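1. When you get a sec, could you give me coordinates for this:
(2 chains)
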Amino acid sequence: MKKIRIYLLSILLLAGVTGCTEWLDVNQNPNSLTKSTKDLVLTGAEKQFAERQHIGSTNNSNNLRGTCFPVFGAWIGYYAHSGGWSGWNNVKSYNMTSSDYNNGFNKPYLNELKSLDYVKKQGVIDGTPAYVAIAKIMESATYQRLVDTYGDVPYFEAIKGFEGNTQPVYDDAKTIYEDLVVQLDSAVLLLNAAEEASLTIASKNDIIAGGDLTIWKQYANTLKLRILLRQAEMADRQSYITSNMNFDEAGFLSESLTANPGYIANQDGKMNPLYGFGKDYKGNLTNENQQYGLNIFLLTLYKDNGDPRLEMCWEPGVSSKDYSHGLQLGVNGAVEDHWKEAAIRMGPGIYGASDDDVTVMSIVETDFLIAEALARGYNLSSAGVSGTAEEMFKKGIEDSFNYYAARAGVEDTAPLLDKYMGAEGTLKGPAAWDASNPVRSIMYQKYIAGVGLYHYETWADFRRTGYPDPLDPTAVDNSMISYYFNIVRAQVPVRMLYTQKELDINSENVKAAIDKTGVPYNSEFIMDAKIFWDVK
Amino acid sequence: MKKIAFFLSILLFMGTLVANAQTRNITGTVTSTEDGQPIPGVSVSVKGTTLGTITSIDGVFEMKIPQDAKALVVSFVGMKTQNVELTSASDYKIALKPDLVGIDEVVVTAIGIERSAREVGYAMSSISDEQLNMAKSPTIAGGLMGKVAGLQITTVSTGVNTSQRVILRGNRSFTGNNQALLVLDGVPVSLSYLTSLNPNDVKEISILKGANASALYGSDAANGVIMVTTKQGSKESMQVQFSNTTTFDKVAYLPEFQTRFGTGSSSDKYGNPIFEAYENQQYGDEFDGKMRGIGRKDEYGRMQEVIYAAIPGEKERAFDTGMTIQNDLSFSAGDKKSTFFASIQDAVVKGLVPGDDLRRDAIRLNGSRKYKGFKATGNVNYTHTEDEISTANFLWPIYNTGQHIPLTSYSDWRTPSTPEKTNWADIDHYYNDYYNNPYTEKDKNRRKRRRDQLIGTLTLSQDITSWLNGMVRSSLSLNNSTYKTTHEEWNFSYWAEHESGRSTPSGGDKKASVSDGSSYDFRWTNDFILTANNEFEDFKLTTILGATTRSGYVHYINVSASALEVPGLYNISNRLGELGGSQAYYEGRTMGVFGDVTLGYKNFLFLHASGRNDWDSRLDPSQWSFFYPGVDVSFVFTEAIPALADNSVLSYGKLRGGIAKVGSINILPYSLENTFVVTGGFPYGDLTAHSISGSLKNRYLEPEFTLSKEIGMDLNFFESRINLEMAYYTMSTTNQTLPAEIPYSSGYSSMFVNAGEMKNSGVEVELGLVPVSTKDFRWDVNINYANWNSLVVSLTDKFDELNISRPGRNNFVYAIKGQPYPVNKASDFDRDPQGRVIVDAKTGLPTKSTDLVITGQTTPKHILGLQTYLRYKGFTAGISAEYRGGFVLRSGPGRDMMFPGISAISASAGRERFVFPNSVINVGTADNPEYVENTNITTNDGNVDFWTQTYRGVSRPFVTNAAFWKIRELSLYYDVPERFLTSGTGGFVKGIKAGFVGRNLFMFLPDSNMYGDPEANKGNDNDVGYAPPASIPPSKSYGFNVTITF
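-> Just a heads-up that it's a prediction; the model follows:
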């Protein structure tokens, strides 16, 4: 009897041990996908890419707190901070630390660049060149933004995960720029090959161009033009630029390139993120809208020419009920005409409607890019451009009027345009066409048309061309320069600092990049280390 | 008192009386040498036989003994066993000596095996129910604080739902779980039961400090084990006990406030503060005691006027006096073959934040039954908890309320204003433009939760032979909770939104919203254990072989609607727009086989060895299996060395030592494969999108291994008047699972690797003293001390620093090579080589340094616990105190109070320009600095900009020495003497005990800590060291307890 008991118990014990393989095999993830498709990943990448191209972030909490869009807007004289809140001292004093505003660096790598890399690889595996091509185009735009903001950045070794170096080296900014042009050219070839083989992309998943490969070629061309023109002030790059001024016959963008995943009006977390800069999902003005008022610099430019875009883009101050109080960056918020009720507030021309598209690349920017290229004497005939610089300059202004007017609900812009720059027009000063210095005129108009639309480009243009001239820094009313009481150097920063995380855990590589700038690490002047194309 | 307690817990068997012709009758009385009182329940048996009896309630026994019987063995728990030579006399007076600390006490070791303390080769402490419940802490965790050397219990949340972090011997894993394992009646359960179990059900708590129990409990025991044994019914007795504890809580230990300046947020051009009537910030001008308007004019032109002076104590008065009422009823009974224990508890807690409350009801049934060699034991515990709290931070808007504002007058904000009378508390008229009325916030944002917890265990055991026992145990633990979070709508009047001129702080009108969630947590443990006991001559061998399976299943689901159409109905069907929500499942399974052998020689030398192999489903099948062994030795030298036996000084001495290795897995299920996530914002209608998650997964992760070594010594002097236990240990944890941060430019934010090593060592001392022990008076002192030394030996070959702050918490807590673990890093002002702050020669302002500085470790380096009990006749007084030191805390309130300008330090320079204390200026160049003391360059601002920007911009000033002394518990009880009860109730009432209890009544902090209670911590994770701007401040509590026994 006892023996039988022991025997039975031993059997039980053994059965428990040996029957375990199946029982233990429960580690299949029921919460997250472990597989996806290139179409779904493309859609996600396009949304993140498009939102970041427009406002520098992809933000579902519908506010731009912590993003660079308002920061650059403040630095180039669009906005200033109104009284009633404290903060933004790093913005006002031009004194960023490496912990400030890191997302402009971190998020593109973590999000769309990694997704685009996946789409590219899947595209190669599946033999669908269009996917490879549009991934390359979006990568090029993203890396141009990274170079414009930081100079040398990880490029050739980036986004490799376990397959490569998890501590990627920083590549030379100019080398990256040159490779971007190569990538864009190859993207166009791939798109042409895709068209020939009738291999397109799923229109539903391509929320930017709806599967229209011609639009992608136009965007590639326009992007290439932007990359080349960025170097236009560099005497030693002229032969490089000229030899690369060849474009696919698809030409440049003929209308704004926009994206809309299906933003839902007035639905928290589902709206156009720029809208959240002005209003919340209930239609109430956000704090941001009250914190960022119109800068006196842009106000003066509007007023000098009776620019109707002032009223399209901005709403009068609450207390003054007019457009009298332009703010100055860095001025103590306690000053009466800087108080939030005095500030001129953003209007719908800037923040739009909650289900509006975001703009990947505006026709306005395209017009001015073409105008600038023509004004500089570059040959754009391969892209089918026939007009003159002045015509494109005027088209840019017209497209700008139309952009803001559509958002502000102004129906007919013709009389406004006529009044602004027709035969009887009021347009004068640097914003008017000046045949002796057309680039300056173009840059002024491109600047005025950039508010709410392409702050990154305006900041880059300001750095590379010096326009708009920040006038006399001592003339309080006319300068975009900060008046912060404790300012160390009164000069718009020409770069953002490398992020603290890279300094912490990719330090050898990032410090090599800093050494190359010639400005010592830890120096407060590190923000004055220029990007390679910034020769002014 | 003591006698009754003993009588209630009689554990001894009553032998069988055998009728024998050759017998005679004897009688006797057993008393205590301590007080001369008779002792009931003492076992009296005839040496060498099974004959025996126990004494009656008067200490009297009567028995038939064989004529040839030589001696009696008289034994009683807590007393020294005595041999009494039999003479021809028939009546015996026997006096037992107390065995004060219990040299040969029986301790409950792993898997519920009872052992003599002398056999145990590893560090172990026991806490009796009396010590635990000295001040009637409503939670077990609270009652354990400061009472065990090496045990660190940290409060991580205050309010009606407290929770604690429980660490034994410090941290082992950089990022994994470091908390001790809780074992309830032999079965591992969630540590959260330390706050939800009824402390009155506890019979004893044993604490295994090291990893030596891991063979029997598996990996989770690597961090030590807290074993809670609940009460079983007493044999041969029946008892009913009722107890009530009522305590009151008062807000305590708030940081220091400034009381000089009113509301304002700016200075004029001369630097003078400007008063602003509707400001949250308190950088206005100095109080002048005159009437001033606050807020804005209402639609009828009226304005609220107050005296412009600080109202003392107003902030504290905003909180209620909390109250806890616990009623307990228990019943226990037993006979030779069965035991039965039942209890029911009802606890009602009213929180400090008005409207917060909790009610907990718990039922326990424990029973056992024997039949020949078969025994069945069943334990069931069911707890139902309902609570309602405010989800709004109540304290933060209070900090944003000026000191002259009559805060407590705003509690009734629902009464609408009329043209005749303005209610200044309502949402339209509240004075503050930027922060809502704290009472409105608290009332509009609520969470109700219901939680059901069930633990059931069935144990069946069978004696297979006289030396072999087989046991099967199955235990389940079920934890189910549902909650509903509601946010009431905000409807401002047209006047408030458009004409008042005020900003509407919550962004204007807002629809109501609701979030419903539930969580389901199921654990099932099965053990099969064979135990063999063999004795040959001087050797005693205990062998345990076992197999165990454990499975856990967790499911969370949450649905929410961000806008509800009809006010008042908090149901997602009432929503506008899309439904929000999320869900997650986790399932993990583990199995293990183990062996455990103890070889004893002559009752003074014991060798114990164990080994276990685990298979864990969370790993890749190729890594499932891992093995870990352990060995320890115990040597009772006072018994082994004849010269030491029976000496009058050293009564008992034991040396022990052990070494053990444990493997543990510190990852969640499904952590091996990269995942795709739905891209933020999606889906939009029928379009969805995916992104690749930010952490790079590693398929072939391996377990972490901890190797621990310890030696210890137990000494007992003068018959337990001095009892000393010491231990020294070292631990090294290698092959850790690290979510190594990698640069974003790699495409990921982190990747999992096996790397790194952490070393720990420490000393633990427990000293028990009985300075006085007479018939009426006894004084006990227990002192325990532990220190911890930790060292981060290495992380990965790529980096030497790991930020272990949980994502989103930004605690700045790090593991840094060459440093203790964990340490805080903080931003600081630029300093000269002597550590003086460098200020700008023009502005007088310090500048923020580029790099973060290490400010110190965030867990205590030393803990000293002290308990003392004084007993005089029926009175018992107890004090429990604790000191912790050698660590820092980053104070969230300290920093956050700078912004509203309510902290005392923000007014320390009178809000005027001042010379930054202990500062220098650089009179050299940037490359060749030369620092001279700054005596006259004042800051260019001394008001809002300086304090909210320059000063608040760095975190070093808010990192404070976290040392403290706390009087944790105070109690004073009176035990009504039995003779009064006998005469008063005829013996129906067997005992009445009543007393006062107090908890956290006193706290002593170093002068440098201006930020209040350093125990107000945050988070259950390894990144301790940050006190959040808590919504509920700490409290002190006091009250009374009455226990009646029938």
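2. Show me where chain A has its strands.
-> A:79-81, A:153-154, A:170-171, A:257-259, A:292-294, A:314-315, A:345-346, A:358-361 (DSSP state E).
3. Of all these, which one comes closest to B:Thr377?
-> strand A:153-154 (63.5 Å; C-beta to C-beta). Bear in mind the C-beta positions are built from the backbone N, C-alpha and C, glycine included.
4. Okay, now the sheet partners of that closest one, with direction.
-> strand A:170-171 (antiparallel) (DSSP bridges).
5. Give me the contact list for the strand it pairs with.
-> For strand A:170-171, the surrounding residues in contact (C-beta atoms under 8 Å, 6 or more residues apart in numbering or on different chains) are A:Asp152, A:Val153, A:Pro154, A:Tyr155, A:Phe156, A:Glu157, A:Asn509, A:Val510, A:Ala512, A:Ala513.
6. Now with 10 Å, please.
-> With C-beta atoms under 10 Å, 6 or more residues apart in numbering or on different chains as the test, strand A:170-171 has contacts from A:143, A:147, A:150-158, A:176, A:179, A:498, A:502, A:506, A:508-514, A:516, B:745.
7. so who does B:Ser732 touch?
-> B:Ser732 touches B:172, B:661, B:705-709, B:757-761, B:791, B:793, counting by C-beta under 10 Å, 6+ apart.
8. ditto for A:Ala353
-> A:Tyr263, A:Ala265, A:Asn266, A:Met271, A:Asn272, A:Tyr275, A:Lys279, A:Ala406, A:Arg407, A:Gly409.
9. hmm, back to that, take the strands of chain A and lay them out in a markdown table including mean neighbour count.
-> Formatted as a markdown table, the strands of chain A follow (neighbours: other C-beta atoms under 10 Å in any protein chain shown):
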| stretch | mean neighbour count |
| --- | --- |
| strand A:79-81 | 29 |
| strand A:153-154 | 28 |
| strand A:170-171 | 23 |
| strand A:257-259 | 21 |
| strand A:292-294 | 27 |
| strand A:314-315 | 22 |
| strand A:345-346 | 24 |
| strand A:358-361 | 24 |
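10. Would you check how far apart the residue nearest to B:Ile127 when sequence neighbours are not counted and chain A are?
-> Leaving out its chain neighbours, the residue that sits closest to B:Ile127 by C-beta to C-beta, 6 or more residues apart in numbering or on different chains is B:Ile205, at 4.5 Å. To chain A, B:Ile205 is 31 Å away according to C-beta to the nearest C-beta, to the nearest Å.
11. got the residues of the stretch 101-250 of chain A near chain B?
-> A:102-103, A:105-115, A:117-118, A:146, A:153-155, A:157-170, A:204-205, A:207 (C-beta under 10 Å from any C-beta of the partner chain).
12. Recalculate using a threshold of 8 Å.
-> For the stretch 101-250 of chain A, the residues in contact with chain B (C-beta under 8 Å from any C-beta of the partner chain) are A:105-107, A:109-111, A:113-115, A:117-118, A:153-154, A:158-162, A:165-168, A:204-205, A:207.
13. Now, of those residues, which are buried?
-> A:105-107, A:109-111, A:113-115, A:117-118, A:153-154, A:158-161, A:165-168, A:205, A:207 (16 or more other C-beta atoms under 10 Å in any protein chain shown).
14. If I look at the residue of the stretch 401-550 of chain B found nearest chain A, what pLDDT would I see?
-> In the stretch 401-550 of chain B, the residue that lies nearest chain A is B:Gly508 (3.8 Å; C-beta to the nearest C-beta). Here, the pLDDT recorded for B:Gly508 equals 74.
15. Do I have it right that it meets B:His498?
-> No. Using C-beta atoms under 8 Å, B:Gly508 is not in contact with B:His498, being 10.1 Å away.
16. more crowded one of the two?
-> Neighbours of B:Gly508 and B:His498, each counted by other C-beta atoms under 10 Å in any protein chain shown, are more numerous for B:Gly508; the result is 17 against 10.
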